[in-house]
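A.B. asks: Below are the sequence and a predicted model for it; my questions follow.
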Amino acid sequence: MVQASSDARDKRFVEDLIDQDDDFDRWYVDVVKGAELADDAPVRGCKVVRPYGYALWENMQASLDRRFKATGVQNAYFPMLIPRSMLEREADHVEGFAPEVAWVTKGGGSELEEPLAIRPTSEAIICTMYAKWVQSYRDLPLLINQWCSVLRWEDRPRAFLRTSEFLWQEGHTCHASAEEATARALQMLEVYRDFVETELAIPVVPGVKSESEKFAGAHRTYTIEAMMGGKRWALQSGTSHDLGDNFGRAFGITFLDSDGQRKHAFSTSWGLSARTIGAIVMVHGDDQGLKLPPRVAPIQVVVVPIWRKEAERDAVEPFVASVLSSLGDNVRVHVDRRDDKTPGFKFNDWELRGVPLRIEVGPRDVQNQQVVVVRRDTREKHIVGVSHLAEVVADLLNQIQRDLYETARTKLHTYTEDVSSLERLYERAFTNAGFSRASWCEDAACEARVKAESRATIRCLPLEQPQEHGLCVVCGRPASVTAIFARAY
RNA sequence: CGGGGAGUAGCGCAGCCCGGUUAGCGCGCCGCGUUCGGGACGCGGAGGUCGGAGGUUCAAAUCCUCUCUCCCCGACCA
């Protein structure tokens, strides 16, 4: 018996994934590699995003980009290199990023007069340019986004979640009033919430960061926090900063207002990174591998043709063609024609890669003018006649998208608990129980104590706050807010 | 940057303690054939400066010193 189970385990390690419950971190690494989303690069902390992972990112980009543009934002591109003096203009900003900045000190073989930072984020260079472009209130608001990568020296890299170089977008806006900047920061947070929930099927908690967790140099930082599967840690999945006039003052972005007064501009910045791919993996994945939300899946439907003899092949091939034409152009389909792999292998392979729907087309199906459609998320099989295949596939894709979201939402609620004692808060932190909602007096000392003693941090102060706050879960004094505590990636 | 673990074929490992023929095994890869509705099988093949440098020795994957890298756990972060 013992022998048998150890054999089974050895076999599984070769052919299969480790179960999520056995080692969630290893499961994550194996899925990212196995599904060919990313691979290790020669430089520590850097990863190669492989075509399948990049296709996913491109779909995410397209959908976010559309949303940005709908709010009047335009794309542009700013340089990767930032002179040291520029980076140092906003005091909190430098201090916050100093430990993770990489510097270029040589160029063309000779030492540079002034070291150039490889952007860890682009406020410094963009605000410098904004100072040149903004003269009048008529030049505002300025609404620009850029798609790029940034570099932050990291000691503990994890594919997508924390790499030294990572892909993202950063939006930077400039406004004539504080109110308008605040409204824009909140507007973009809502764009992120809508994108992540609608496209990625990941429910989030929108909120405000505590003082100690906010962006270096920001007046306020807004965030959407998602709960990962497995250890139920939090992942910040998008942030939007109301920078007040901090950067306007530091970079001299001034304008003549309609009242004849020269004023400093107010600004915002907001970013969402390819880290969110990690969230897709961890929120939806199961022991079989990835489950991609149909709306962003590079391949929505994979067709696996099946035959034994040449005669069957001759019958199946044309039938596959008719299946493809009946599916039409509105769905992303791939036909797996590999002839050195068995159907069973392919089933597992595409499940690992998270393709939402599989269509099996074999001799029996040709006979009956039908196909077998299998859902990745539930493994439910449907026998479908070709005549209404397109309709059924479209419905199933929508259904999968909804079900992924609902399943994740149920988990988020199930593993979020209101706690009123420090003991309970710590117990939940130590047992990976999920999010804990608790009252807080807003004293940084209380926040720091929880972090030191339990590793849990305040992920956010949810935008939706209860009427009353009771007593601070840490010190017992009257509380002013309700906070979400959790361990975070 | 602290604490632990590991570097041997593309991947996963054995061999090291106790130095000694041509460094093995599984998966993967290449060729041929049989297969194909839940991870197929047979036969034949290719693939290694044993992470790197130095040392000990007649002889080093194996012993010693230094070094680099990766993974896990902590401090810092999208």
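C.D. replies: Nice, thanks for sending it over.
A.B. asks: alpha carbons only for contacts and neighbour counts from here, please
C.D. replies: Fine.
A.B. asks: what number of residues lie near the nearest residue to A:V335 once chain neighbours are set aside?
C.D. replies: If the residues on either side of it in the chain are set aside, A:V335 comes closest to A:V303, at 4.6 Å by CA to CA, 6 or more residues apart in numbering. Each residue near A:V303 was counted by other CA atoms under 10 Å, and the total is 23.
A.B. asks: got it, and A:A311?
C.D. replies: Count around A:A311 with other CA under 10 Å applied: 10.
A.B. asks: So for the helix ranked longest in chain A, what gets flagged as buried?
C.D. replies: Scanning chain A for the helix with the most residues, using DSSP state H, yields helix A:389-414. Neighbour-count burial for helix A:389-414, counted by 16 or more other CA atoms under 10 Å, picks out A:389-390, A:392-393, A:396-397, A:400-405, A:408-409, A:411-412.
A.B. asks: Just give me the closest of the residues you listed to RNA strand B.
C.D. replies: A:L389 (14.2 Å; CA to the nearest atom of the strand).
A.B. asks: Quick check: the gap between the closest one and A:V355.
C.D. replies: Remark: distance between A:L389 and A:V355 (CA to CA, to the nearest Å) = 17 Å.
A.B. asks: Within range of RNA strand B, give me the residues from the stretch 301-450 of chain A.
C.D. replies: Within reach of RNA strand B by CA under 7 Å from any atom of the strand, the stretch 301-450 of chain A has these residues: A:306-309, A:339-349, A:351, A:360-366, A:371-372, A:374, A:379.
A.B. asks: And those residues, which of them are buried?
C.D. replies: A:306-307, A:343, A:346-347, A:349, A:351, A:360-363, A:365-366, A:371-372, A:374.
A.B. asks: Which strands or helices does the longest helix of chain A pack on?
C.D. replies: Packing partners of helix A:389-414 (3 or more CA pairs under 8 Å, 6 or more residues apart in numbering; DSSP states H and E): helix A:275-284, helix A:310-327.
A.B. asks: now it, how far from the centre of its chain.
C.D. replies: 19 Å (CA atoms, centre = their mean, to the nearest Å).
A.B. asks: Check which residues of the helix or strand A:R424 falls within are buried.
C.D. replies: Element membership for A:R424 (DSSP states H and E) is helix A:422-430. Neighbour-count burial for helix A:422-430, with 16+ other CA under 10 Å as criterion, is recorded at A:422, A:425-426, A:428-429.
A.B. asks: Quick one: mean pLDDT over the helix or strand hosting the residue nearest to A:V335.
C.D. replies: Element membership for A:V303, per DSSP H and E: strand A:301-305. Taken as a whole, strand A:301-305 has a mean pLDDT of 97.
A.B. asks: Sheet-wise, list the partners of that strand with their directions.
C.D. replies: The strands beside strand A:301-305 in its sheet (DSSP bridges) come out as strand A:333-335 (parallel), strand A:357-361 (parallel).
A.B. asks: My guess is A:E351 contacts A:R376. True?
C.D. replies: Yes - at 6.3 Å, A:E351 and A:R376 qualify as touching, with contact defined as CA atoms under 8 Å.
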